[in-house]
Every structure is written in structure tokens, then in C-alpha cells.
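> Any chance you could fold what I've pasted below:
(one chain, ligands or ions: 1)
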Amino acid sequence: MFWLDVDKPTKTATVHRDECVHAVPGGGEQKGVNEMRRDGGWFSFDSVGEAMRFHKEQQLTGRVIMCSHCEPLSQLSPEPMAKLNVRTVNTGCDFDAREFEITDTKSQWRRLTERLLGRK
Ligand SMILES: [Zn+2]
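Residues are numbered from 1 along each chain as shown. Predicted coordinates:
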């Protein structure tokens, strides 16, 4: 299972594996669990693709970051990602998160999510 940590104030959504030490879903006034609140929320998914599709469908602004600690996409070859115009960039911050810049067209996005969902 994977978690998507939607953080509205920083316009950042981070994907974690369930077992990641940084995955600490906590409900609260501002942030819900599987529920969108003022500052966002933690949402659980069976795959990274579903998390990214959710991010798109919710029309969330900002970036999707793959946690560099648990590397949610580590089992995927980077080669198809390059073909889909998804770049990984080093943010240089302390957390050293791997950031995905989606430079997609809609069709590329669909191909990416389909690949991540295992449909292609
Ligand atoms: Zn993580």
C-alpha cells in the first residue's frame, strides 16, 4: 500500500510506501486521513499510479514528490519514465526528496498512469 500526503500549504504531494518511517498519517483539524481538509490529507492507495491519478482528478496544484527514503517507484525501470517526459530532479533540500515534474500532455499523462496502474 502507498500513501499520498497532500499538503496544500506547500502545494506538494508526497508518495510513500506504507512501511516508510516518513509515512505518518495523522488526522486532525487541518489534515484528514482519506479525507480532504483545509490543509490537505493522507490518502491510501494500492499503487503509485492510483495516487497520481487521484492527484490529477482532484485537480490539485503543485508537485508530486516520490519520497527518496522509501522510493515508491524503485521497482520500475527509469526508462519508460523518460519516454513519458517525466523527469526526476534533485531538490537539494535536506529531505532529499525525488521530485517529479510532470511535463505532460494529457495523453502522456494517461500513458503514465496506465503504466503505473499496470494496464499497459
Ligand atoms: Zn517515504
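
> Could you use CA atoms for every contact and neighbour count after this?
OK.

> how about the residues of this structure that lie near the ion?
Applying C-alpha under 5 Å from the ion, one finds that the chain approaches the ion through 16, 20, 22, 67, 69-70.

> Check the gap between His55 and Val21 for me.
22 Å (C-alpha to C-alpha, to the nearest Å).

> These two: which has the busier surroundings?
His55 (18 against 10; other C-alpha atoms under 10 Å).

> quick check, Ile65 in a strand?
Yes: checked against DSSP: H, G, I helix; E, B strand; the rest coil, Ile65 lies within a strand.

> Surely it touches His16?
No: counting by C-alpha atoms under 8 Å, Ile65 stays clear of His16, with 9.1 Å between them.

> Which of these two has more residues huddled nearby?
Using other C-alpha under 10 Å, the more surrounded residue of Ile65 and His16 is His16, with 27 against 22.

> Could you find the closest non-adjacent residue to that one?
Trp3 (5.1 Å; C-alpha to C-alpha, 6 or more residues apart in numbering).

> For the one you found, what are phi and psi?
phi -110, psi 140 (degrees, to the nearest 10).

> Having no further points to raise, I will conclude here.
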